[in-house]
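> mind looking at a prediction? Sequence and model below.
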Amino acid sequence: MEQDGDLRNRDRLLLETALDLGSSLKLDEVLSKVMARVIDLMHANRGYIVLVDKDTGEMSVVAAGGETDLEKAKSFLGSKTVIKQVMSDRKAVVSTDASLDDRFKGQQSVILQNLRSIIAVPLVTKGEVIGAMYVDNPFRAAIFEEKDKELFQAVAALAAGAIDNARAYTHLEFMKNLFERYINKQVTDYVLERSSPGEYMLPGEHREVTMLNSDIAGFSTLSHTMTPDELISFLNEYFSRMIDIVLDHGGNIDKFQGDGMLVVFGAPNPMGDHAARAVRAAEAMVREVDRFNLELSARGKPRIAVGIGLDSGEVVAGSVGSYKRTEFTLIGVRVNNSAYLSKVRPPRVLLSETTKAALPAGVTVIDYEPLLLKGASEPQPIFQLELEVPAES
């Protein structure tokens with residue numbers, strides 16, 4: 001009956017381990033829980049799950065059990081000789097009394113800790129040994145049996161798979177976060193949701209949007225007064241302010257063009273209030289440029305003036321390029337019109353008639369002179385946001 005009870009306990013351990021490892025991304029917590037169960041079931045004193053750097057050989061503890069001192073639990077205090085042998089031979093090591101075992105005679109850790117029972121198994125994933133699981137008992141000899149080794153190997157196989165999955169997930173998150181530094185999160189999510197193996201090009205979709213284009217007046221002249229490092233530092237400082245504003249208002253940064261920035265409100269994610277969001281973003285950008293200019297003046301640097309153009313209407317959004325290089329982009333006259341309006345001098349915030357018509361009550365604009373926009377046969381009404389960008393001095 002006792003043997004049947006042990007078998008049920010071992011089956012329960014494997015089931016609980018599989019469930020835990022498959023239900024949580026908090027791998028360190030789950031592995032520590034697994035170690036606690038293993039130690040209890042196998043009557044060990046302490047245990048470790050150790051990963052080993054294949055280049056440096058450095059050992060790192062990812063989970064420990066039985067060690068009450070939290071600081072000690074961060075370091076592997078068992079027999080490093082056993083770990084090295086397990087990883088080298090890719091086989092389990094079982095010692096009934098390490099102090100008398102010819103394999104470990106003279107080893108300092110065995111002598112100082114008076115280690116008795118030891119069992120260790122390799123952690124193998126995709127054919128590579130990445131570390132080991134290890135338990136020991138310095139007080140009792142011959143407590144580990146063949147069935148303990150088999151159980152330990154089964155648990156180690158589950159742990160190795162979980163560690164590999166966690167590493168893959170961490171790498172995927174890193175790549176996704178890196179991707180989002182180059183491409184707006186909206187586009188990242190849009191592409192990932194719609195892509196599948198073998199599908200490189202996303203189909204075009206019609207979107208009702210407001211395009212916002214910004215342009216620093218006289219930037220070519222200004223850039224010649226800076227060293228390359230100063231120029232990049234200046235642009236990064238300027239864009240970091242503008243990007244925060246755009247993202248806070250739900251915009252998607254389509255691309256940077258030197259000192260210019262093309263932004264869309266309403267793609268890839270549709271939004272009913274795209275014009276209002278774009279105008280509020282433009283107002284916030286103007287105020288932030290004013291604050292930036294105060295800082296530039298305090299440093300003895302020249303002030304800047306930024307033109308902003310907005311146009312609303314239909315564009316085509318989708319992938320353009322080839323299977324080697326693809327870019328999510330927007331195509332349509334609204335893109336060109338917003339760029340054109342941003343370059344009107346003196347710089348200010350200008351918007352088309354379609355953007356004005358889409359604005360809610362309370363946004364104050366004034367008439368500007370009609371301009372010939374892309375695709376139009378005659379000059380079109382243009383409006384200026386009452387909160388102007390300071391003119392060039």
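Looks like it came in fine.

> please count neighbours and contacts with C-alpha atoms only from this point.
OK.

> in this structure, which spans are helices?
2-23, 27-42, 70-73, 80-89, 108-113, 146-182, 185-194, 219-223, 228-248, 274-298, 333-342, 353-357 (DSSP state H).

> mind putting those in JSON lines, mean neighbour count and mean pLDDT included?
Supplementary listing: the helices of the chain in JSON lines, determined by neighbours: other C-alpha atoms under 10 Å; pLDDT from 0 to 100:
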{"stretch": "helix 2-23", "mean neighbour count": "14", "mean pLDDT": "64"}
{"stretch": "helix 27-42", "mean neighbour count": "19", "mean pLDDT": "78"}
{"stretch": "helix 70-73", "mean neighbour count": "12", "mean pLDDT": "62"}
{"stretch": "helix 80-89", "mean neighbour count": "18", "mean pLDDT": "85"}
{"stretch": "helix 108-113", "mean neighbour count": "15", "mean pLDDT": "55"}
{"stretch": "helix 146-182", "mean neighbour count": "16", "mean pLDDT": "74"}
{"stretch": "helix 185-194", "mean neighbour count": "15", "mean pLDDT": "68"}
{"stretch": "helix 219-223", "mean neighbour count": "13", "mean pLDDT": "85"}
{"stretch": "helix 228-248", "mean neighbour count": "14", "mean pLDDT": "92"}
{"stretch": "helix 274-298", "mean neighbour count": "19", "mean pLDDT": "96"}
{"stretch": "helix 333-342", "mean neighbour count": "24", "mean pLDDT": "94"}
{"stretch": "helix 353-357", "mean neighbour count": "18", "mean pLDDT": "96"}
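
> just put these in JSON lines and tack on distance to V316.
Supplementary listing: the helices of the chain in JSON lines, determined by distance: least, C-alpha to C-alpha, whole Å:
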{"stretch": "helix 2-23", "distance to V316": "42"}
{"stretch": "helix 27-42", "distance to V316": "44"}
{"stretch": "helix 70-73", "distance to V316": "58"}
{"stretch": "helix 80-89", "distance to V316": "57"}
{"stretch": "helix 108-113", "distance to V316": "69"}
{"stretch": "helix 146-182", "distance to V316": "21"}
{"stretch": "helix 185-194", "distance to V316": "14"}
{"stretch": "helix 219-223", "distance to V316": "30"}
{"stretch": "helix 228-248", "distance to V316": "21"}
{"stretch": "helix 274-298", "distance to V316": "16"}
{"stretch": "helix 333-342", "distance to V316": "10"}
{"stretch": "helix 353-357", "distance to V316": "17"}
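
> out of these, flag the one nearest E386.
helix 274-298 (9.5 Å; C-alpha to C-alpha).

> and the angle from that closest one to helix 228-248?
Helix 274-298 and helix 228-248 are oriented at 150 degrees to each other (axes from the mean of the first three to the mean of the last three C-alpha atoms, to 10 degrees).

> which ones are touching the residue lying closest to I119 once chain neighbours are set aside?
Computed as C-alpha to C-alpha, 6 or more residues apart in numbering, the closest residue to I119 that is not its neighbour in sequence is V94, at 4.5 Å. The contact partners of V94, taken as C-alpha atoms under 8 Å, 6 or more residues apart in numbering, are 117-120, 144, 149.

> next one: G131
49-52, 83, 87, 122-124.

> which pLDDT value goes with the closest residue to it other than its chain neighbours?
Setting aside the residues directly before and after it, G131 is nearest to L51 in space (C-alpha to C-alpha, 6+ apart), at 4.1 Å. As predicted, L51 sits at a pLDDT of 87.

> please apply the same query to the one 3 residues further on.
At K54, the pLDDT value in this model is 79.

> in space, what's closest to it - neighbours in sequence excluded?
I130 (7.5 Å).

> what's across from the closest residue in space to T354 that isn't next to it in sequence in the sheet?
Closest residue to T354 apart from its sequence neighbours, by C-alpha to C-alpha, 6+ apart: S312 at 5.5 Å. Assessed by DSSP bridges, S312 has beta-bridge partners T210.

> just checking, S312 touches V209?
Yes: S312 lies in contact with V209 (C-alpha atoms under 8 Å); the separation is 5.6 Å.

> who touches both of those two?
A275.

> residues touching E353, list them.
With C-alpha under 8 Å, 6+ apart, E353 has these contacts: 311, 380-383.

> most surrounded residue in these?
D311 (29 neighbours; other C-alpha atoms under 10 Å).

> test my guess that the residue nearest to K54 contacts L123.
Yes: counting by C-alpha under 8 Å, L123 is a contact partner of I130 at 5.7 Å.

> the more surrounded of the two?
Higher neighbour count among I130 and L123: L123, with 29 against 19, using other C-alpha under 10 Å.

> quick check: bridge partners of the more buried one?
G131.

> likewise V316?
Under the criterion used (DSSP bridges), V316 bridges to H206, I331.

> that one: neighbouring residues, count only.
Neighbours of V316 (other C-alpha under 10 Å): 17.

> and it, how far from R140?
Distance, V316 to R140, using C-alpha to C-alpha, to the nearest Å: 74 Å.
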